[in-house]
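In: I would like to see how this sequence folds:
(one chain, ligands or ions: 1)
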Amino acid sequence: MTATAHAIIGGAIAASISNPAIGIPLAAASHPLVDMIPHWDFGLGWKSKKKAVLLIQSAADLALGVVITYALFGKTTDTLYLFMAIFISESWDILQMPYLLFNWKFFPFSTFYRFGHHTNGRAKMPWGIVTQAATVGSIIGVLRFVH
Ligand SMILES: [Zn+2]
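Out: As a prediction, the model looks like this:
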């Protein structure tokens with residue numbers, strides 16, 4: 001999914017589960033789970049993209065995710081915990097970036113790339129965004145309910 005979606009999901013987990021010993025592993029586990037839902041993101045078609053374009057898009061996506069997540073949950077959640085949850089939930093994709101950007105096709109980057117490649121459900125626009133918004137919305141809803 002987009003880094004924005006992963007950030008909001010990680011943040012929603014931290015905002016609802018006050019114990020980091022549960023929240024952090026859950027934020028980590030959320031990444032491959034939601035990636036199985038067919039979606040669109042900037043990584044689609046990365047081979048035909050200029051590396052600089054991919055880097056700028058990914059960085060902008062991540063920055064947007066941090067800003068939205070902080071706006072949503074920053075007031076009610078411990079800042080360090082919130083940022084840890086965002087970082088952990090993004091880490092699977094961050095660890096693929098050296099493979100995509102610098103052709104570092106070796107461990108651990110190649111492992112994360114292959115894992116992401118096999119677990120990512122792909123969908124074109126606009127459905128690839130609709131499924132993502134629905135996923136993020138339902139997760140926030142469920143967490144609010146449990147909380
Ligand atoms: Zn991913």
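In: Sketch out the helices for the chain, chain order is fine.
Out: If you assign secondary structure with DSSP state H, the helices in the chain sit at 3-16, 20-35, 51-73, 79-94, 97-102, 109-119, 127-146.
In: Identify the residues contacting the nearest residue to Asp61 once chain neighbours are set aside.
Out: Ranked by CB to CB, 6 or more residues apart in numbering and with sequence neighbours excluded, the top spatial neighbour of Asp61 is Ala3, at 4.1 Å. Using the backbone N, CA and C atoms, a C-beta is placed for each residue, glycine as well. Residues near Ala3 by CB atoms under 8 Å, 6 or more residues apart in numbering: Asp41, Ser58, Asp61, Leu62, Leu64, Gly65, Glu90, Asp93.
In: Same question for Tyr81.
Out: Neighbour list for Tyr81: Ala14, Pro20, Gly23 [criterion: CB under 8 Å, 6+ apart].
In: that older thread, pick out whichever of the contacts of Ala3 sits closest to the ion.
Out: Ranking those by separation from the ion, with CB to the ion as the measure, puts Asp93 on top at 4.5 Å.
In: Tell me how many other residues surround the closest one.
Out: Using other CB atoms under 10 Å, Asp93 has 25 neighbouring residues.
In: how many other residues sit next to the closest residue to Thr4 other than its chain neighbours?
Out: Closest residue to Thr4 in three dimensions, ignoring its sequence neighbours and counting by CB to CB, 6+ apart: Gly65, at 3.9 Å. Summarising burial for Gly65: neighbours were counted as other CB under 10 Å, giving 23.
In: Please produce a markdown table containing the contacts of Tyr81, extended by pLDDT.
Out: Shown next, in a markdown table, are those (pLDDT from 0 to 100):
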| residue | pLDDT |
| --- | --- |
| Ala14 | 98 |
| Pro20 | 97 |
| Gly23 | 98 |
